[in-house]
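1. test case, fold it:
(chains A, B, C and D, ligands or ions: 6)
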Amino acid sequence: MAQASIDDVDLVIKTMAKTIVDNAEYFAHLDSIVGDGDFGYSLRNGFEVVLADYDTFDKSSVGAILKKIGLVISGKVGGVSGPIWGTAFLRAGITAGDRTELAPGDVIAMLRAAISGIMARGGASLGEKTLLDALVPATDALEASISDPAMQGDHAVAALQRAADVATKAAEETKSMLAMRGRAAYTGERSIGSVDAGATAVGVILQAIASAWREKYGEGVPA
Amino acid sequence: MAQASIDDVDLVIKTMAKTIVDNAEYFAHLDSIVGDGDFGYSLRNGFEVVLADYDTFDKSSVGAILKKIGLVISGKVGGVSGPIWGTAFLRAGITAGDRTELAPGDVIAMLRAAISGIMARGGASLGEKTLLDALVPATDALEASISDPAMQGDHAVAALQRAADVATKAAEETKSMLAMRGRAAYTGERSIGSVDAGATAVGVILQAIASAWREKYGEGVPA
Amino acid sequence: MRKFLNDPKTFVNEFLEGVALASGGALKFDPRYHLIYRADMPDPNKVSIIQGSGSGHEPAHTMIVGRGMLDAACPGDVFAGPPVEFVTETTKLMNSPKGVLYIVNNYTGDRTAWEMAKELMEAEDYKIGYLLVNDDVAVKDSTWTIGRRGVAGNFFVIKAVGAAAERGAEMDELERIGNKVIGQVRTMGIALSSCIPPVRGTPLFEIADGEMEVGIGIHGEPGRERRKMGTADEIVDIMLDAVVPDLPFKSGDEVCLMINGLGGTPISELYLLYGIAHKKLADKGIKVFRSYVGEYCTSLEMAGSHLTLLKVDDELKDLLLAPADVAYRVF
Amino acid sequence: MRKFLNDPKTFVNEFLEGVALASGGALKFDPRYHLIYRADMPDPNKVSIIQGSGSGHEPAHTMIVGRGMLDAACPGDVFAGPPVEFVTETTKLMNSPKGVLYIVNNYTGDRTAWEMAKELMEAEDYKIGYLLVNDDVAVKDSTWTIGRRGVAGNFFVIKAVGAAAERGAEMDELERIGNKVIGQVRTMGIALSSCIPPVRGTPLFEIADGEMEVGIGIHGEPGRERRKMGTADEIVDIMLDAVVPDLPFKSGDEVCLMINGLGGTPISELYLLYGIAHKKLADKGIKVFRSYVGEYCTSLEMAGSHLTLLKVDDELKDLLLAPADVAYRVF
Ligand SMILES: Nc1ncnc2c1ncn2[C@@H]1O[C@H](COP(=O)(O)OP(=O)(O)O)[C@@H](O)[C@H]1O
Ligand SMILES: Nc1ncnc2c1ncn2[C@@H]1O[C@H](COP(=O)(O)OP(=O)(O)O)[C@@H](O)[C@H]1O
Ligand SMILES: [Mg+2]
Ligand SMILES: [Mg+2]
Ligand SMILES: [Mg+2]
Ligand SMILES: [Mg+2]
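-> Ligands and ions are numbered 1, 2, ... in the order given. Model prediction:
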């Protein structure tokens, strides 16, 4: 597996931001079923700024980029999503530090830092019907792929796709969960039967990143 | 043609009151098309009291009965209908005075007094899409029947039916009129195309009275 | 039915009882005449001021009974003026040697009731004053309609006259002040939805999503025109274009600007309209002396708004700022 | 969409500008942070009090900025707590040597924003006080939810603390008073319709005619139970049965009774509920000290109501009756 460069970070961030802006209504709709319907719109408020200002960010290191994004998101996004997504980027950025290249292990460490940041900020654990229920299994899958020789294609195209597919499936599985965090939690039993908006968003974003990655680096070695 | 007695007045009043109470929703519905939808309910407020208290009214003369009804109606009915219907009964009652029997000519005089009372109180003339547009032609028809030998059956059963039919038809014809009085007038051109609630009510009430009359006195001489 | 109700027939008396109970003794209630009145009135040194239109326009008029406003209100049923008996009984109860002032909104039903009552009471030597409110420019005056309706501008008439009455003004003085306000106040309304009279239980009419009713009345009467829904900017233009040239309001004038909610429109939207109207008036050189944003005269749960302008001078400013206490309050 | 709107994205800033323009200079507005603040604040002799939950609950909280209430409000978008930056910037602007008091409604989004801001500001040596409002008994406290929501009871917290701050009380005193109110206030809500967030343009959920949502939240979150529509008497029983035993409120207690409208319910219906509740409380030996009927904390145009009880003693009575001036007013 190769190293990821600042250029790759650009691609991931822009793909993510564009996906969020494009899917704002869809995500908000999901949040309206048992939540309050603001999720996609809130997130869009922040990622629109990221998209618009990205070229002016300090790109001297991965850490600089991600910390800046964390500040924009927690500054501009309201609701529970601002602090949670903002914290995730901040922690990932702190972990990346002044690196300008990321090894696969760095990416995993950054994701783990983001996850524990989210847990600390929002107090949620796995199985409580939040975005963690997609993000954690996807990170586990990515980590497993890294140490799996069958997945060692160029640039981890297949590994990323695998992680995205795990996220999508895990998001679907939040359907049967009882919401225990966020506004959806107020509905108790009635939250069962619909997917979590945040988890679904994680799946959709990872799929978009996996596609963009494949477009850039071609098909990986099939699993 | 025979004289009408206090007993006959009882029948007419009770039939009228019952018809208004039974048709309150229908009349209110008609008023809601271009008016404000209160007409039937307002009228019911008064005629319910008439029905409930009728047996306690002073029945020493036709005038006493009708003036009392006029007071109840203008006292209990809100909107434009209270003053208008109240005035009609008051004026008819004043015209009847202390008679205990009414000749056909007396009935016509009472109706004419009611009509000019309504016109004085509400300022409306014929053709302005109000209850006058049914009441006036019905009164004209009744007056014509009285002097028409072909209609001289017992107790004016046919004459009354003819008046009711004229009212019903005239009410239907208010459809093409532009409302110039009451709340319906605010809608201007848009009042054209639906019947006037008050005129329709006059038709429905007269039909009920004609039926009750026929039930009491049998078929009249056919025209 | 989407309403907090026990029985539509007792609706008016049940909410009026709530108003009286909420007042901590300041207001009394007589269910026979839908009557809410100040417990400390009548006062021989004060003209009594009373009103009663249809119910369904709350806080008008039953929730603006109190010091510096109305002394009593005797509304009819929802959207029906009061029966004459309500008015005569209220007049007797509130009688003062200085007289009883009727403030009447210009509707056939209201006028016939109040004018009949005035005749009856004057025949018994009561001293009755009379003001007729007709601020709605949506209705063109003509020889055959009864003329402009009284709508949200009624609030200003009561406020000014109520303040003056509290200071002991005589009847003719109150009529002068009231007619001054009536001469200088104009209103135009737009509705986005219908309303549900309790006795009826279903909407009085329908406004499709994407449409609006221009020149709406406050009894669910349709307005003069159904139009495609506009932006807030366009809607304020429609309202100002109807109101401003009518008086006309001119550059250099000082005004009260009221954005009245019809019952179902959130106050956030009313403030949004307010901001737009305030700026457009400033562009015309018309200065807002004071703002009035909220529900003053509603049509049950109708979504919509009236824009009302009142031209003010020093006399009216003073009366409008005078203290008043009514059931309708925040603190 | 049935709304007075130009663009859903600028909705909050447009109505806030209206609030500022309507204030005649008493309030200022900074669109960058959805910020409404008193022009005469900060004052070095007064703790500054600020709040910001989601928008869509007006008059809470932007229309209750003023003397004796909030010094500033910085809401988020409709139904979303404010971004952290709004809070930190508002704190800097309103900083006083006596400190800045945050009054926060208990929602994850609000709490994370205000708690992050508190950490950030304290790291820069600002003096920050903190009150968490959680009066909604519809949500049972548990180890895994964040606990009860803050709803209409928030008004009483701000009123009491605001009055004390105006008299110069120190931060710890304000926190004591605020927590006393929070400890004694309880709310339960019922909705009859949904609401339409401007960005969405359609109702957030559906309540069929003939049904009601018991335990509704103020963000359109469904409540705990959908039931067949009841009479007003039955509904008041449901609300009192949830609220009264919770504190519990007991015979001999004196209370403030608030009937809060959720935005689309006519005030006549609110007074009808008030009357019923007042009488049922009297039957339980609970005496109403003061009534609060109207819109205090809404959910856009939702039809529905909250019933709030606050147990009062002499200290709270005095603070509740102290004068206050806010944008949300009648006269
Ligand atoms: N405490 C929490 N920790 C982690 N994620 C959470 C938490 N609460 C909610 N979420 C996630 O955020 C999403 C909702 O976000 P958003 O709508 O912005 O929050 P709010 O509940 O304030 O409206 C949920 O679908 C869920 O995935
Ligand atoms: N000025 C008037 N003179 C005579 N009849 C009238 C007048 N105005 C209205 N009406 C009649 O009264 C009916 C409406 O009565 P009602 O609903 O009680 O009045 P409102 O217009 O006050 O709501 C109309 O259908 C019409 O027949
Ligand atoms: Mg949400
Ligand atoms: Mg009518
Ligand atoms: Mg009417
Ligand atoms: Mg939210």
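2. could you pull up the contacting residues of residue 197?
-> No chain specified, so I'll use chain A. Counting by CB atoms under 8 Å, 6 or more residues apart in numbering or on different chains, A:A197 makes contact with A:27-28, A:30-31, A:35, A:39-40. Where C-beta positions appear, they are placed from N, C-alpha and C, glycine not excepted.
3. oops, I was thinking of chain C
-> B:37-38, C:56, C:78-79, C:204, C:220, C:300.
4. go with 10 Å
-> Contacts were defined as CB atoms under 10 Å, 6 or more residues apart in numbering or on different chains; by that measure C:P197 touches B:28, B:32, B:36-38, B:41, C:3, C:8, C:11, C:54-56, C:77-80, C:203-204, C:219-220, C:299-300.
5. to what extent is the residue of the stretch 151-300 of chain C found nearest chain B buried, counted in neighbours?
-> Nearest residue of the stretch 151-300 of chain C to chain B (CB to the nearest CB) works out as C:H219 at 4.0 Å. C:H219 is flanked by 28 other residues according to other CB atoms under 10 Å in any protein chain shown.
6. one more: A:D10?
-> Neighbour number of A:D10 under other CB under 10 Å is 15.
7. need the three-state assignment for it.
-> Recorded secondary structure, A:D10: helix (DSSP: H, G, I helix; E, B strand; the rest coil).
8. quick check: the gap between it and ligand 2.
-> Per CB to the nearest ligand atom, to the nearest Å, A:D10 is found 69 Å from ligand 2.
9. list the contacts for that residue?
-> Contacts of A:D10 by CB under 10 Å, 6+ apart are A:54-55, A:57, A:59, A:65.
10. between the residues you listed, which has the most around it?
-> Of all those, the highest neighbour tally under other CB under 10 Å goes to A:I65, namely 21 neighbours.
11. which ones are touching that one?
-> The contact partners of A:I65, taken as CB under 10 Å, 6+ apart, are A:6, A:9-10, A:13, A:54, A:57-59, A:89, A:93, A:96.
12. now flag whichever of these is closest to D:M229.
-> Set against D:M229, the nearest of the contacts of A:I65 by CB to CB is A:F89 (47.1 Å).
13. give me the three-state assignment for the residue nearest to the closest one when sequence neighbours are not counted.
-> The spatial neighbour of A:F89 that comes closest, neighbours along the chain excluded (CB to CB, 6 or more residues apart in numbering or on different chains), is A:G70 at 3.4 Å. Here A:G70 is recorded as helix under three-state DSSP.
14. and the pLDDT at A:G70?
-> The score at A:G70 is 95. That number is its pLDDT.
15. how much space separates it from A:A208?
-> 20 Å (CB to CB, to the nearest Å).
16. C:R67 now?
-> Applying CB to CB to C:R67 and A:A208 gives a distance of 65 Å.
17. relative to B:A109, how far out is A:T87?
-> Counting by CB to CB, the gap from A:T87 to B:A109 is 91 Å.
18. okay if I get the contacts of A:D10 as TSV plus secondary structure and distance to ligand 4?
-> TSV is the format used below for these (DSSP: H, G, I helix; E, B strand; the rest coil; distance: CB to the ion, whole Å):
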residue	secondary structure	distance to ligand 4
A:Y54	helix	63
A:D55	helix	66
A:F57	coil	66
A:K59	coil	72
A:I65	helix	69
